[in-house]
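Enquirer: from the sequence below, what's the structure:
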Amino acid sequence: MLPLLFAAGLCLVAATEPPSHEEGTKVVAREGKGTATKTSKHAPVVPEKPKASHTADEEEGPRPASRPVRKAFHRPRPKPVQAPAAPTAAELTQQRLMIDNARLQQEVARAQMRVLLENPIATPEAALGELVAGNIRFMEGRRVRSLMSNQDPALRESLVKGQAPFAVIITCSDSRLSDNLIFDQGLGRLFTIREAGNCPDIQGLASIEYAVDHLGSKLVVVLGHTACGAVKAVKEAHGRPMPGHLWSLQAAMAGLETEVHEDPNETPTEHLRRMERGNALRQARAILDRSEIVRHMVAAGKLKVLPAMYDLGSGRVTFMELPAATPAAQH
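Expert: Presented below is the predicted three-dimensional model:
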């Protein structure tokens, strides 16, 4: 009896003991939808780690910064185009008056041009009188010949046949000067030569001779002006060579600053005004000294050479007497 009980106790102890590592572990492998259990001997038992639960945010990674929500763009509907309002009675009257005024000015310009063409200027005195009268119209704001006649097709067609300018104007290249407006003259009336400082060079002298000898011009005017930049530049250089080709201005006005001494009792502007007048006088005299053709026509009474000054503020042109000829020119 005792042996049986002892044997039964051993079996019970063996049944309750955990399996040793040497007996192996069970590995479950998936085969298709079924499972199979295999026993691997001599393999240590590795407890399976529980799977951590991950949120969707952790699996996808950090989200980018939130973008601002764009509002829906609503394109405004185009407004219906409204028909322009009908002009008032006052506006209609103004338009009619402007058209009538332009038509009358054109008729006056045509009549004036017919008179000029029928009675051409034949003497230097008549030419001077025409310039003076035109300058008065310009100062008073009632230009006629330079206002509408330039738009006359008949005038342009007549000028295709030739020109006969009654005066030659040597003036500065300054943009504030326009001799056709200053003297209220239309196309074909003035032969213009423009040089900075109204100083004609050899080409300028040739242009003067062509106008008086071939075109029949009766008057040569050297037109200086106030606030002349060329004269001011020469004045402020004080004899020092100017850069580039500006030296030619100093050559054309050589001796001007010495001749027109600065008075200690006058302002720099007053001295500049005197230099501008002195330059116009000297350039007019130089034309006679350098051109035999001009001297011959002046001596015959067919031509006159005059210096003049134009005031930028008032618009007035003041004519001056020509200085006496130099001894060298007389011989």
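
Enquirer: low-confidence stretches in the stretch 101-250 of the chain?
Expert: Per-residue confidence for the stretch 101-250 of the chain (pLDDT under 70) gives these ranges: 109, 113, 148-151.

Enquirer: residue boundaries of the helices in it?
Expert: 124-139, 153-160, 179-182, 202-214, 229-237, 247-252 (DSSP state H, counting those that start in this stretch).

Enquirer: run the chain-centre distance for the fifth one.
Expert: Relative to its chain's centre, helix 229-237 lies at 26 Å (Cα atoms, centre = their mean, to the nearest Å).

Enquirer: same check on the fourth one?
Expert: In terms of Cα atoms, centre = their mean, the gap separating the centre of helix 202-214 from the centre of its chain is 34 Å.

Enquirer: kindly report the same for the third one.
Expert: Using Cα atoms, centre = their mean, the distance from the centre of helix 179-182 to the centre of the chain it belongs to is 24 Å.

Enquirer: what does the longest one give?
Expert: Computed by Cα atoms, centre = their mean, the separation of helix 124-139 from the middle of its chain amounts to 35 Å.

Enquirer: same check, this time on the second one
Expert: Here the centre of mass of C-alpha atoms in helix 153-160, compared against the chain's by Cα atoms, centre = their mean, lies 33 Å away.

Enquirer: next, the buried residues of it.
Expert: Leu155 (16 or more other Cβ atoms under 10 Å). The way it works is simple: take the backbone N, C-alpha and C, and place the C-beta from them, glycine included.

Enquirer: with the fourth one instead?
Expert: Residues Gly204, Leu205, Ser207, Ile208, Glu209, Ala211, Val212 are the ones in helix 202-214 that count as buried (16+ other Cβ under 10 Å).

Enquirer: which of the residues you listed sits closest to Ala90?
Expert: Ala90 has its nearest neighbour among the buried residues of helix 202-214 in Ala211, at 50.4 Å by Cβ to Cβ.

Enquirer: hmm, Leu190 and that closest one touching each other?
Expert: No - Ala211 lies out of contact with Leu190 (Cβ atoms under 8 Å); the separation is 9.8 Å.

Enquirer: which one of the helices of the stretch 101-250 of the chain lies nearest to Pro268?
Expert: Taking Cβ to Cβ, helix 229-237 is the member of those nearest to Pro268, at 8.5 Å.

Enquirer: for that closest one, give me every contacting residue.
Expert: 172, 174, 196-197, 199, 224, 242, 246, 249-250, 253, 256-257, 271-272, 275-276, 279 (Cβ atoms under 8 Å, 6 or more residues apart in numbering).

Enquirer: buried among the residues you listed? Make that a ChimeraX selection.
Expert: Those of the contacts of helix 229-237 that count as buried under 16+ other Cβ under 10 Å are selected in ChimeraX with:
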select :172,174,196,197,199,224,249,250,253,256,257,271,272,275,276,279
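
Enquirer: restricted to strands, list the contacts of helix 229-237.
Expert: Gly224 (DSSP state E).

Enquirer: can you count the residues close to Asp184?
Expert: 24 (other Cβ atoms under 10 Å).

Enquirer: and the gap between it and Gly315?
Expert: 11 Å (Cβ to Cβ, to the nearest Å).

Enquirer: give me the common contacts of the two.
Expert: By Cβ under 8 Å, 6+ apart, the residues touching both Asp184 and Gly315 are Asn135, Phe138.

Enquirer: and the closest residue to Gly134 other than its chain neighbours, what does it touch?
Expert: Closest residue to Gly134 apart from its sequence neighbours, by Cβ to Cβ, 6 or more residues apart in numbering: Asp184 at 3.6 Å. Residues near Asp184 by Cβ under 8 Å, 6+ apart: Gly134, Asn135, Arg137, Phe138, Arg143, Val144, Arg145, Ser146.
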